[in-house]
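# I would like to see how this sequence folds:
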Amino acid sequence: MKTVFIAGTDTEIGKTHVACGLVRAAAAAGLRVAPFKPVAAGCEDTAAGRRNEDAEALIAASGRDWDYATVNPYALRDPIAPHLAAADEGVTVDPARIAACHAALAAEADLVVIEGAGGWTVPLGPALDFPALVAERAWPVLLVVGMRLGCLNHARLSAESIARAAPLLGWVANCLPPRQPRLSDNIASLEAWLGAPPLAVFDDDGGMAQPFDLDTLLRRISG
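Numbers count the residues shown, from 1 in each chain. Sure, this is the predicted structure:
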C-alpha cells in the first residue's frame, strides 16, 4: 500500500482538480485507488448526510463506491478555516480517528490519495495542524502550485516547510485563469528552485498540458 498527501500553496489553487487527476491516472494504470479527505470545511446537509463536493469528486474519480464517512470523517459545515469551523461545532479533530480511517482505506487499496484543506500549514485545532498530522503518519507529500502571481514565493516557502515535516515527492503546476504572464519562465524557475521538473502540468482550461509521470511518483513514494 502506498500513500500520497496532496498539499497546496494556498486555498482555491486546484488541489481537488489535481488530486482527482492523480486518482484517475492511477486507476487507469490498474491500481485500486482510495481517496481520502480527512477534514473538509464547507459541507451541505443532504438526505444521505453531510457532504462535501470535493470529497464526492474524489470518490467519483476513483470509480468505486467508497464509504463516505471513512473518506471524509470530519465534514464541517461552514467554508472557513477548519479550526474555526470545528470550534463552532464543538468538534475536536482527533488524529487517531483520521489514522483509523486511513488504515481502513489502505486495507482495500494499492494507493491512498489524501487531499488536505486550504494551504499546507492550515490549523485543525489549538494544538494540531496538517504538518503535525502528516509528520506523525510519515505521509509523503505532493505539492500543488497554483500558477499565478505570487506563486514563486508561496511554492518556495511551502516546499521548505514540507521538507521539515515529511518527504517532498515533487510538485505539480496547476495553471490558473487568467493565464499567468511568462508562465514557462515561472515553471522553469520553480524547476530550478525545487530541484526537479513538475510531475504534471494542468492547463488553465482544465485539461492537462503534461500528463502525470506516475512511474516516477510511485517510485518516489516507495523510497
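# and the closest residue to A48 other than its chain neighbours, how far from A27?
Distances taken as C-beta to C-beta, 6 or more residues apart in numbering put Y68 closest to A48, at 7.4 Å, once the chain neighbours are dropped. To be clear about C-beta, it is placed using only N, CA and C from the backbone, and glycine gets the same treatment. The gap separating Y68 from A27 is 18 Å, by C-beta to C-beta, to the nearest Å.
# G146: what's it in contact with?
The contact partners of G146, taken as C-beta atoms under 8 Å, 6 or more residues apart in numbering, are 8-10, 12-14, 154, 174, 176.
# which strand residues bridge it?
Taking DSSP bridges as the rule, G146 bridges to N174.
# so it versus P211, what's the distance?
When G146 is compared with P211 (using C-beta to C-beta), they lie 19 Å apart.
# ok, L31 to G49 distance?
Distance from L31 to G49, by C-beta to C-beta: 28 Å.
# who's more crowded, the two?
For L31 against G49, the residue with the higher neighbour count under other C-beta atoms under 10 Å is L31, and the figures read 17 against 11.
# that one: what's its closest spatial neighbour, skipping adjacent residues?
When the adjacent residues along the chain are set aside, L31 lies closest to D110, with 4.3 Å between them (C-beta to C-beta, 6+ apart).
# got it, and D65?
Per C-beta to C-beta, 6+ apart, closest to D65 is I59, 7.5 Å.
# for P167, same thing?
Using C-beta to C-beta, 6+ apart and skipping residues adjacent in sequence, the residue nearest P167 is P140, 4.2 Å away.
# same thing with P197?
For P197, the spatially nearest residue (C-beta to C-beta, 6+ apart) is E191, at 5.0 Å.
# what about the one you found, neighbour count?
Look at E191: counted by other C-beta under 10 Å, it has 14 neighbours.
# and what of A192?
Should you count by other C-beta under 10 Å, A192 turns out to have 10 residues around it.
# what helices and strands are in contact with the helix or strand hosting it?
Using DSSP states H and E, A192 sits within helix 183-194. Using 3 or more C-beta pairs under 8 Å, 6 or more residues apart in numbering; DSSP states H and E as the contact criterion, the elements in contact with helix 183-194 are strand 141-147, helix 151-165, strand 168-175.
# need the ones you listed in a markdown table (columns: distance to A75 and mean pLDDT).
Listed next are the helices and strands packed on helix 183-194 as a markdown table, based on distance: least, C-beta to C-beta, whole Å; pLDDT from 0 to 100:
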| stretch | distance to A75 | mean pLDDT |
| --- | --- | --- |
| strand 141-147 | 22 | 98 |
| helix 151-165 | 25 | 97 |
| strand 168-175 | 25 | 98 |
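# right, so these: which one is the most enclosed?
By mean neighbour count, with neighbours taken as mean count of other C-beta atoms under 10 Å, strand 141-147 ranks first of these at a mean of 27.
# pretty sure I114 sits against K15.
No: with contacts defined as C-beta atoms under 8 Å, I114 does not count as touching K15, sitting 10.4 Å away.
# shared neighbours of the two, anything?
Listed as contacting both I114 and K15 by C-beta under 8 Å, 6+ apart are I6.
# let me know how buried L214 is, in neighbour terms.
Other residues close to L214 by other C-beta under 10 Å number 17.
# can you give me the helices in this structure?
When assigned using DSSP state H, the helices of the chain occupy the ranges 15-28, 53-62, 68-71, 82-88, 95-106, 130-137, 151-165, 183-194, 214-222.
# centroid-wise, who is the farthest residue in the protein?
A47 (27.2 Å; C-alpha atoms, centre = their mean).
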